[in-house]
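J.: A predicted structure for the sequence below; I have some questions about it.
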Amino acid sequence: MTVENGSAPARAYSPLSAIAIAVVATLGVLYIVSQFLRNSVGVIAPNLADEIGLTPIEIGLLSSIYFFVFAATQLPLGVALDRFGPKLCMLVSIGFTVLGCGLFAVAHEIVGLVAARALLGLGTCSFLMAPVALYARWFPPERFSTLAGIQLGLGSLGAIFATAPLAFATASFGWRITFLGVGACTALIGVLVWLIVTDDPPGLKTAPRRETLRESVAGIWQVIRTPSMGRVFMAQLSSYPSYLLIVGLWGGPYLTHVYGYDLQGRGDILFVAALAQVFGSFLWGPSDRLFGRYKVPIIIATSICLVSLVLLATLGTLPAPLLLAVFVMLGLSTGASSLVMSHGRSLVPPHLLGRTITLLNIGTMGGGFLVQFVSGTIINLFPAEAGVYPLAAYRLVFALQAALVLTGLLAYFGSRESHLDR
């Protein structure tokens, strides 16, 4: 059976079928790699600083270059997803990821590390977008946000592995051997993708949409001009990058410099935050059906994120239970990213799906680059004593991030609701 590109499948494919479960599990494991790599600098940053002599600006650049390259590839990726299909995009991306892991493991200076992180950003750029585009082809529209939440929830295990498990592996084997192992695992996942993943469910075939390059670019502009898309974009730009800023980069140095935690101690707290995000991804994913709309749960989640940042910025040194609670709030709230993506998807016709979700992911990853790079510059303005930066530096970074989240929240309030996929 063949269906036209951009239309709903002629029949709903069951998410509980054996092949569907195998495909979702494989793509979830693939996204684990992406989440691990994007968040891995946070735990090993002090190790990199000691071994290679990196400054805060260089650490910020090392982490943020991943997000810059990732964001820069999103619009071309959106065109590729709509023209060539998710599977081919994933297989090409996997090759770059394996290469990036190898280069990172053997680099001995900042130039090599930055080049490796850039390759990793290029390689993992499709590991969320391609699976959710595939889910839109396989399953009925009302299941999209749930499956996107499952994808994010499974992938967030990678963020967990980038906390205490990465700290343990670094202490046991060193970070270089660890990244070689990640590259090998990624190659094996690529074999699974090649063997069992198809762009369309069994028995269905999506007819290719024959667009010229000009029409493909025009589709990007159509998405950008969609009413309320800019407001949804602002919600994506501000909230999830808060997690990337703290858990993905400065949480480790903050816990060490301000509270005196060692490698294992900071890994444990970041582990709890990552675990909260996994739970949040599964919690927020189907909440649009519970509330009957997107805006209410997104506003609730973003408000929780804002409160956690305000507490970090205003209370100085927090008691241990409150510190842990704040990191849990941060992880839980930023798990709503799939819901924001679903809201944006509902505003456009189906044939623009790839370009829409990749545009919104520019907000996620471009925001990650912005906040990580700027925060490194800000922290470097403060004098360090024996490599330790003062609490005031971190409080300023948290306060500026809280201002960004508040701006995104206020912009999102004015977005329109869409029930096109109900």
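T.: Yep, that arrived.

J.: Just the pLDDT at Phe373, thanks.
T.: The per-residue pLDDT reported for Phe373 equals 81.

J.: again with the one 5 residues further on
T.: Looking at Ile378, its pLDDT is 90.

J.: That one in helix, strand or coil?
T.: Under DSSP: H, G, I helix; E, B strand; the rest coil, Ile378 falls in the helix class.

J.: Likewise for the one 5 residues further on?
T.: Three-state assignment for Pro383 (three-state DSSP): coil.

J.: Neighbours of it, how many?
T.: Neighbour count of Pro383, defined by other C-beta atoms under 10 Å: 8. Using the backbone N, CA and C atoms, a C-beta is placed for each residue, glycine as well.

J.: quick one: contacts for Phe68?
T.: For Phe68, the contact set (C-beta atoms under 8 Å, 6 or more residues apart in numbering) comprises 118, 121, 366, 369, 373.

J.: Tell me the spacing between the third one and Ile357.
T.: Distance, Gly366 to Ile357, using C-beta to C-beta, to the nearest Å: 14 Å.

J.: Gly95 now?
T.: According to C-beta to C-beta, Gly95 and Ile357 sit 22 Å apart.

J.: and the two? which has more neighbours close in?
T.: Ile357 (27 against 13).

J.: which of the contacts of Phe68 lies closest to Gly28?
T.: Gly121 (20.4 Å; C-beta to C-beta).

J.: Can you tell me the closest non-neighbouring residue to the closest one?
T.: Val69 (3.4 Å; C-beta to C-beta, 6 or more residues apart in numbering).

J.: what is the rounded mean pLDDT of the helix or strand containing the one you found?
T.: Element membership for Val69, per DSSP states H and E: helix 56-72. For helix 56-72, mean pLDDT is 82.

J.: What residues sit buried inside that helix?
T.: Neighbour counts over helix 56-72 (16 or more other C-beta atoms under 10 Å) mark 56, 58-72 as buried.

J.: what do you get for stretch 374-382?
T.: 374-376, 378-380.

J.: Count residues in the vicinity of the closest residue to Tyr394 other than its chain neighbours, would you?
T.: Computed as C-beta to C-beta, 6+ apart, the closest residue to Tyr394 that is not its neighbour in sequence is Tyr254, at 4.9 Å. Residues within reach of Tyr254, counting by other C-beta under 10 Å, total 25.

J.: and what of the one 3 residues further on?
T.: His257 has 21 neighbouring residues, counting by other C-beta under 10 Å.

J.: hang on, it in a helix?
T.: Yes. Assessed with three-state DSSP, His257 lies in a helix.

J.: okay, it: pLDDT?
T.: For His257, pLDDT reads 88.

J.: swap in Thr124?
T.: 91.

J.: Then Glu215?
T.: Here the pLDDT value assigned to Glu215 is 68.

J.: wait, doesn't Ser338 sit right on Trp284?
T.: Yes. Contact criterion C-beta atoms under 8 Å: Ser338 and Trp284 qualify, at 6.9 Å.

J.: where do the contact lists of those two overlap?
T.: Common contacts of Ser338 and Trp284 (C-beta under 8 Å, 6+ apart): Gly149.

J.: which parts of stretch 85-97 are buried?
T.: By 16+ other C-beta under 10 Å, the buried positions in stretch 85-97 come out as 85-87, 89-91, 93-94, 96-97.

J.: nearest to Ile246, of the residues you listed?
T.: Relative to Ile246, the closest of the buried residues of stretch 85-97 is Thr97; by C-beta to C-beta it sits at 24.6 Å.

J.: Tell me which helix or strand that closest one sits in.
T.: Element membership of Thr97 [criterion: DSSP H and E] is helix 86-106.

J.: and that helix, what does it pack onto?
T.: helix 18-39, helix 74-84, helix 110-123, helix 129-138, helix 175-196 (3 or more C-beta pairs under 8 Å, 6 or more residues apart in numbering; DSSP states H and E).
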